[in-house]
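> okay, sequence plus prediction incoming.
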Amino acid sequence: DVHKLAQRVAEDLRTRPDERRDLFPEALRLLARLELARGNEAAATEAWLAGMDHWAGDRRVELARAGYLRIFRDFAEASIQRDEALVPAEVLEDVLKVTQDATDKALAHFLTALALADDPDVQQRARAGAEFDLARRFPLPSIREPLLLHYAAWAEESGYSSFGDSGTIVVEPDFETALKLYEELAQDAGDAGDVARQAIARIREPPLTLRVPNTFRPGTQVQVQLEWRNAGQVELTLQPVRLTDALSPPTAPGGNWTYAMQSRRGEPVRRLTLRMQPARPHYSVTQVARFDELLPPGAYEVLARMGGIERRDLLLVTEAAVVLKSTPTQALVFAANSITGAPLPGATVSLFTRPAGSGVPWTAQTASTGPEGVVLIDFSTSGPAERELVAVAALGENQAFAAFSPLAEAEAQESAWDFAVFPDKSV
């Protein structure tokens, strides 16, 4: 076939002592293209490098330079088309030494930057920005879009470097540089412009994350974790809720059942304003918010507001704990004291169920625990067999819950158990 013929021609030209031997590297260049078309990158790279080695050892300087760079351009074009740094670093260094051509310099600096941007060595990765800048000094329309995209992606991930406490280089995002590059590219039509516009929106959006890390024992300081960006402050409020009230379909992404609480909320018992400026524009701010005044036992909705964005989570100050186990038709709920392990007889238990992933209203059933702190509740078997369950137990102001979703469980592990974990207890 053509591939075998090209191999034979290349070998035949290599062994000829006359002027036709100059055709040998050209045959290798064509052979490399054939190998690449067949998906054999290793063989293509070997052919290109062999052709360049041939010219590197030739004493006819100008002829050798022209042949060497001709093969390099072919090699570089293929590398950029495949979005891979195929050209070895030492070859790129040699190209920059022998060429005076702006195109060759742009290609060599860009491919050097491409390789450095993915280097696992932090010190090498930090050098990529300088190579991207050098490539941009030699405008080359054919690489403008990939150059801007790769430069911006590198800046967004690791464009800012500094020395850490131990003296090692630390890389962090450089959102300002990334934005400038994306904004330049966003003026273009086509896929690259779409990618740039999406990236701009991602960097400028004001995300807010709220997390309550634990259930808290009475008498301990309560704290929550927040992370936000592109905003000066976050407002926090705590409102008491009664978990045994009804649930409705969640409106939050991911179906977080705490967003479905239609409980009668009391007046806010705590308010807190958090202000912190990031180290650099568009950087995330992470902060632990501590409420100095101790909270009485109960369930509280934590509401974080940042402009028009709201995030909610559930905070429990309690000595109670709940364990839930289910079958397709029954749920067993055990309520106990989390400190002593003693059962909680007479606790009010509300079981909320619905078909998994349906978003339909919850069905509620209420019962009380027996002397051993256990209650067995039958629920409807109509509809899909897989169901989401939330069991809530309350004894006085001590409240606790356990939630089960087969969709979330399938991603984690095959188990129908859910535990309320306390920071002072081992599991």
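Arrived safely.
> going by C-alpha atoms from here, please, whenever you check contacts or count neighbours.
OK.
> is it true that Q277 touches V285?
Yes - the pair Q277 / V285 is scored as a contact, 7.4 Å apart, by C-alpha atoms under 8 Å.
> of the two, give the one with the bigger neighbour count.
When Q277 and V285 are compared for neighbours, V285 comes out ahead with 19 against 15, by other C-alpha atoms under 10 Å.
> can you list contacts of the helix or strand where the more buried one lies?
In this structure, V285 is located in strand 284-291 according to DSSP states H and E. Contact with strand 284-291 is made by 221-230, 270, 274, 276-278, as judged by C-alpha atoms under 8 Å, 6 or more residues apart in numbering.
> go through those and flag which are in strands.
Among these, DSSP state E puts V222, Q223, V224, Q225, L226, E227, W228, R229, R270, L274 in strands.
> D104: which of these is nearest?
R229 (41.3 Å; C-alpha to C-alpha).
> need the contact list for that closest one.
E205, P206, P207, L208, H282, Y283, S284, V285.
> helix, strand or coil for E176?
Following DSSP: H, G, I helix; E, B strand; the rest coil, E176 is assigned to helix.
> distance check, it against G159.
Note on E176: its distance to G159, by C-alpha to C-alpha, to the nearest Å, is 10 Å.
> and the longest helix for the chain?
Longest helix of the chain, by residue count under DSSP state H: helix 61-81.
> burial of the closest residue to D74 other than its chain neighbours, as a residue count?
Nearest residue to D74, sequence neighbours excluded (C-alpha to C-alpha, 6 or more residues apart in numbering): R29, at 7.7 Å. Neighbour count of R29, defined by other C-alpha under 10 Å: 26.
> tell me the SS of R29?
Following three-state DSSP, we place R29 in the helix state.
> can you say which of the contacts of strand 284-291 are buried?
Neighbour-count burial (16 or more other C-alpha atoms under 10 Å) applied to these gives V222, Q223, V224, L226, W228, R229, N230, P278.
> what segments of the protein are helices?
Applying DSSP H to the chain gives helices spanning 2-15, 23-37, 41-56, 61-81, 89-98, 102-117, 122-126, 128-136, 144-158, 175-186, 191-204, 406-412.
> can you tell me which of the ones you listed is most buried?
helix 102-117 (a mean of 24; mean count of other C-alpha atoms under 10 Å).
> other residues contacting that helix?
Helix 102-117 is contacted from outside by 69, 73, 76, 80, 84-85, 87, 89, 92-93, 95-96, 99, 124-132, 134-140, 147, 150, 154, using C-alpha under 8 Å, 6+ apart.
> how far out from the middle of the chain is it?
When distances are taken as C-alpha atoms, centre = their mean, to the nearest Å, helix 102-117 is centred 28 Å away from the chain's centroid.
> just the CA trace of it, in CSV.
The C-alpha trace of helix 102-117 is given here as CSV (Å, rounded to 0.1, in the frame of the first residue of the first chain):
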residue,chain,number,x,y,z
ALA,A,102,8.6,35.2,12.8
THR,A,103,6.3,32.2,12.0
ASP,A,104,8.9,29.7,13.3
LYS,A,105,9.4,31.7,16.5
ALA,A,106,5.6,32.0,17.1
LEU,A,107,5.1,28.3,16.6
ALA,A,108,8.1,27.3,18.8
HIS,A,109,7.1,29.6,21.7
PHE,A,110,3.5,28.5,21.5
LEU,A,111,4.4,24.8,21.6
THR,A,112,6.8,25.4,24.4
ALA,A,113,4.1,27.1,26.4
LEU,A,114,1.7,24.3,25.6
ALA,A,115,4.0,21.7,27.0
LEU,A,116,4.9,23.8,30.1
ALA,A,117,1.2,24.6,30.9
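> quick check: mean pLDDT of it?
Summarised as a single mean, pLDDT over helix 102-117 is 93.
> swap in stretch 42-60?
Averaging pLDDT along stretch 42-60 yields 86.
> do the same with stretch 169-178
For stretch 169-178, mean pLDDT rounds to 86.
> can you list the residues that contact that stretch?
Taking contacts as C-alpha under 8 Å, 6+ apart, the residues outside stretch 169-178 that touch it are 122-123, 126, 151-164, 203, 281-283.
> low-confidence ranges, this structure, go.
Confidence mapping of the chain against pLDDT under 70 gives the ranges 1-21, 245-266, 358-359, 380-385, 407-427.
> need the residue closest to the centroid of it.
Closest to where the C-alpha atoms of the chain average out (C-alpha atoms, centre = their mean) is E157, at 11.0 Å.
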